[in-house]
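>>> sequence below, structure please.
(chains A and B)
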Amino acid sequence: MEKVAFKASNVFSDISRFINLLKDLKKSKIQVEGLDSLMTELNKKLNDQNNWKLNTKLRFKNINKKDLKIPEQILQNVKEIILELKISITEKSYTVNSICDSIIQDRNVVYGVQFVTYGKTADDLEKYKMSWHLDKHIRNYDNDDGRGKGFIHPEYHFNMGGFVLTKSNDFNFGNVLLTNTPRICHPPLDIILSIDFVLKNFYGVRVKNLTDSNQYKKIISTSKQRLWRPYFICVANHWESKRFDDLNIEVNFAEKIFGEV
Amino acid sequence: MSKHITYLYFDDTPRTADQVKENLESESLSIIVRREEPWKEIIAYLLDNEATFDGLILDWRLDASEDSNADFSSEALAQHCRRLQVDKVNGRGFNKSFPIILCSSQPGFKSIHQKDTTSEDLFDGVFEKNHLEDKEDFLLSLIESYEILAKKNVKVEEIISLSETEQLKIDNGLIRKINEIKEKQPHETVQFLNKEVINKNGVLIGEDVLLTRLGIKNDSEGWEFLKNELSIFRYKGVLSSVERWWSDLIEEWWSENFDGTTLKFLNAQERIQYLETKYENLKDSLNEQELSFGADSKEFWTVCRATGVPLAEMDGFIIDEHQHYSWQDKGYICLEEAKDETFRGESWNALLPYEEERLKSYFEDNV
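Numbering: from 1, shown residues only, chains lettered A, B, ... in the order given. Down below sits the predicted model:
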């Protein structure tokens, strides 16, 4: 039997060590809520090492609002900025020579990473809001894909706005016209890479000691190896197929990534 | 030591008790050995003579010898004493709280005692007799601790001996917890500190973990000097008869002294280099910790629970045990112990499920 590249235990063990490293954020006066329940989630016994699902919600606090280039007249109303990160991810293991999309999405499970920033006012209302999310294109699994009203849907794409903002009627949009934004092609993020995304986009130098450390970089690089190596090899294989003869590459993954199918 | 301390020691085998007494007694500590008596008499004796002792030591089985007069268990006696420390029974009670120690020379006593946890919270210490014999410092510090904790409105600062500014630098959960329990009976705070703070790595660390974090071996020539330099970060609060250091204060000191680096993210060699630049006399006198079997990171942070070898968190396998409080560190074992399980059932019982699986795949990869 061919060797399996990543099992649930490898990923869980990495996430647990990653959470442990994040304790260091306290020294930079950065508070992240929800790590304890994520840890509890990891400690549950899994029946199947080849298929695992994780849901988590984290709240990143103590973001320096002056770093975010917000117009002054809005900034003066905002007491505090909070970033809420919600991830729902189901993965399967794969063998070392197979290049495939290991994030599962079907009738039962949906992949999604949401980055919602809230601007809290002095009276503690979460009045200001912005949402970015990374989705996997939802396909119609019974029939042909409807391809989302003709709009391009790269398999993994970043999108600003969306349902998180539009579903609430009382949200004051001000003068910003929120049309549905382009879906930007982006490789998938797991829990570790999503947290990395938040830290590097919202905290900058304050977390540099952590993000520059070998322990941190090692965990990040393992996650990229697991999810980004297949992603980019598939893309490269689209043009250079002869170079990857020894690998077993998932049909159509590249085309899905490009939003062509 | 300012005050002379007396422990009253009940045992049904005076010969072994005298030996304990002989080994324990010093200029600061006296032991009065007494035979057990029936319940009524022993309670009366304790109440009548409260002024003559500061603490109590009980043999686990006062009824073990053939001519024993004990018609009760040591647990029952301890429980009754605790009650009399807070309240009167039949019009009589103690005027002070005092520590109670349980000891025994019976083989396997600790494991039997651990199986019955109903009495766990009654005692300030549970020892086999030969281990009790070198606990003089602990017995003395217990009395001191009880005195501090018996004070009304005692401050956190007096209990853990950290100024208010220093308290801001450690896990706030600990400060809150101490504030919450400090007005309770002294033995509750003493046991809490002993069990959840002093004897668990986390907010406080022992010498082995401190050495690991500095990346140096304890046989290093320069260790004595360095240890002395770091003595300002030693725990000096109640029950400080054992050596512990405030981990957060050491990390902060590191960052302030060594280019804002984070101690945890440096390898042993880098740590030693920094130390040698600050203290010239340490040049070539610090021996670097070595990698244990199968390990590959020298960013040492913890020690193997079973074998004591230094470990980076990356290289250790996480033990499945509940961390009761936020200030406690996870426990790890090294690969060799995970593989051979030499101390399984003694210093650890199980690995976390995903670590168990990870260990399996390690074997598959390295046959």
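
>>> the stretch 201-350 of chain B: helices as residue ranges?
Along the stretch 201-350 of chain B, counting by DSSP state H, counting those that start in this stretch, helices occupy B:207-214, B:223-229, B:247-257, B:268-278, B:335-340.

>>> contacts for the fourth one?
Counting contacts by CB atoms under 8 Å, 6 or more residues apart in numbering or on different chains, the residues outside helix B:268-278 that touch it are B:213-216, B:226, B:257-259, B:261, B:263, B:266, B:282-284, B:286, B:288-289, B:298-300. C-beta coordinates here come from the backbone N, C-alpha and C atoms, glycine included.

>>> again, only this time at 6 Å
B:L214, B:G215, B:F258, B:L282, B:K283, B:L286, B:E288, B:Q289, B:K298, B:F300 (CB atoms under 6 Å, 6 or more residues apart in numbering or on different chains).

>>> my guess is the fourth one contacts B:G222. True?
I take that to be B:L282. Yes - using CB atoms under 6 Å, B:L282 is in contact with B:G222, at 4.3 Å.

>>> now the closest residue to chain B within the stretch 51-200 of chain A: closest residue in space, sequence neighbours ignored.
Nearest to chain B in the stretch 51-200 of chain A, going by CB to the nearest CB, is A:W52, at a distance of 9.7 Å. Leaving aside its chain neighbours, A:W52 sits nearest to A:A8 (4.0 Å; criterion: CB to CB, 6 or more residues apart in numbering or on different chains).

>>> list the contacts of the one you found.
Contacts for A:A8 (CB under 6 Å, 6+ apart) come out as A:L46, A:Q49, A:W52.

>>> per-residue pLDDT, it?
Listed pLDDT for A:A8 reads 94.

>>> give me the below-cutoff pLDDT ranges for the chain.
No chain was given, so I picked chain A. A:141-151, A:162-182 (pLDDT under 70).

>>> wrong chain, I was asking about chain B
B:1-2, B:112-119, B:367.

>>> packing partners for the helix or strand harbouring A:D36?
Counting by DSSP states H and E, the element that carries A:D36 is helix A:35-43. When contacts are defined as 3 or more CB pairs under 6 Å, 6 or more residues apart in numbering or on different chains; DSSP states H and E, helix A:35-43 packs onto helix A:8-22.

>>> if we use 10 Å, what do you get?
Other helices and strands packing on helix A:35-43, by 3 or more CB pairs under 10 Å, 6 or more residues apart in numbering or on different chains; DSSP states H and E, are helix A:8-22, strand A:51-60, helix A:191-202, helix B:353-365.

>>> do the following helix or strand past the longest one and chain B come into contact?
The reference is to helix A:8-22. Of the helices and strands lying after helix A:8-22 in sequence (DSSP H and E), the nearest is strand A:32-33. No - applying CB under 10 Å from any CB of the partner chain, one finds strand A:32-33 separated from chain B by no less than 12.7 Å.

>>> which one's the longest helix in the chain?
Assuming you mean chain A. helix A:214-239 (DSSP state H).

>>> please refer instead to chain B.
helix B:136-150.

>>> and that helix, C-alpha only, in PDB?
C-alpha atoms of helix B:136-150 as PDB (Å, rounded to 0.1, in the frame of the first residue of the first chain):
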ATOM      1  CA  GLU B 136      12.500  19.700  57.700                       C
ATOM      2  CA  ASP B 137      12.400  22.700  55.500                       C
ATOM      3  CA  PHE B 138       9.000  21.900  54.200                       C
ATOM      4  CA  LEU B 139       7.600  21.300  57.700                       C
ATOM      5  CA  LEU B 140       9.000  24.700  58.800                       C
ATOM      6  CA  SER B 141       7.700  26.500  55.800                       C
ATOM      7  CA  LEU B 142       4.200  25.100  56.400                       C
ATOM      8  CA  ILE B 143       4.000  26.700  59.800                       C
ATOM      9  CA  GLU B 144       5.200  30.000  58.300                       C
ATOM     10  CA  SER B 145       2.600  29.700  55.500                       C
ATOM     11  CA  TYR B 146      -0.200  29.000  57.900                       C
ATOM     12  CA  GLU B 147       0.700  32.100  59.900                       C
ATOM     13  CA  ILE B 148       0.700  34.300  56.900                       C
ATOM     14  CA  LEU B 149      -2.600  32.800  55.600                       C
ATOM     15  CA  ALA B 150      -4.300  33.000  58.900                       C
END
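
>>> next, the buried residues of the helix or strand just after that helix.
As assigned by DSSP H and E, the chain's next helix or strand after helix B:136-150 is helix B:156-160. The neighbour-count check on helix B:156-160 (16 or more other CB atoms under 10 Å in any protein chain shown) flags B:V156, B:I159, B:I160 as buried.

>>> domain ranges for chain B?
B:5-149, B:156-198, B:204-365 (automatic domain parsing).

>>> what about the longest one, start to end distance?
To tie it back to what came earlier, the one meant is domain B:204-365. 37 Å (CA to CA, to the nearest Å).

>>> try stretch B:257-274
Note: stretch B:257-274 ends 9 Å apart using CA to CA.

>>> what residues of it count as buried?
For stretch B:257-274, using 16+ other CB under 10 Å, the buried residues are B:258, B:261-268, B:270-272, B:274.

>>> swap in stretch B:29-44?
B:L29, B:S30, B:I31, B:V33, B:R35, B:E36, B:E37, B:I42, B:I43.

>>> same deal with stretch B:320-330?
Within stretch B:320-330, the residues that count as buried by 16+ other CB under 10 Å are B:D320, B:Y325, B:W327, B:Q328, B:D329, B:K330.

>>> for chain A, give me its nearest residue in the stretch 51-200 of chain B.
Per CB to the nearest CB, B:D171 is where the stretch 51-200 of chain B lies closest to chain A, at 8.5 Å.

>>> from chain A, how far out is the nearest residue in space to that residue that is not next to it in sequence?
Here the nearest residue to B:D171 in space, its sequence neighbours aside, is B:W327; by CB to CB, 6+ apart that works out to 3.9 Å. For B:W327, the distance to chain A equals 11 Å [CB to the nearest CB, to the nearest Å].

>>> list the contacts of the residue nearest the centre of chain A.
For chain A, the residue nearest the mean C-alpha position is A:L189 (3.7 Å; CA atoms, centre = their mean). Counting by CB atoms under 10 Å, 6 or more residues apart in numbering or on different chains, A:L189 makes contact with A:85, A:87, A:89, A:103, A:111, A:113, A:115, A:134, A:156, A:158, A:195-197, A:223-224, A:227-228.

>>> thinking again about what came up before, just the closest of the buried residues of stretch B:29-44 to chain A, please.
Nearest member of those to chain A, counting by CB to the nearest CB, is B:L29, at 41.3 Å.

>>> is it correct that the closest one is in contact with B:D137?
Yes - the pair B:L29 and B:D137 passes the contact test of CB atoms under 10 Å, sitting 9.4 Å apart.

>>> for the closest residue to A:I249 other than its chain neighbours, give me its contacts.
With sequence-adjacent residues excluded and distances taken as CB to CB, 6+ apart, A:I249 is closest to A:I99, at 4.4 Å. A:I99 makes contact with A:229-234, A:236-237, A:244, A:247-250, A:253-254 under the criterion CB under 10 Å, 6+ apart.

>>> equivalent analysis for A:E260, please.
With CB under 10 Å, 6+ apart, A:E260 has these contacts: A:I152, A:P154, A:E155, A:H238, A:N252, A:A254.

>>> can I get the residues you listed in TSV including neighbour count?
Below are the contacts of A:E260 laid out as TSV (neighbours: other CB atoms under 10 Å in any protein chain shown):
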residue	neighbour count
A:I152	14
A:P154	19
A:E155	26
A:H238	15
A:N252	13
A:A254	23
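
>>> filter those down to the ones in helices?
Among these, DSSP H puts A:H238, A:A254 in helices.
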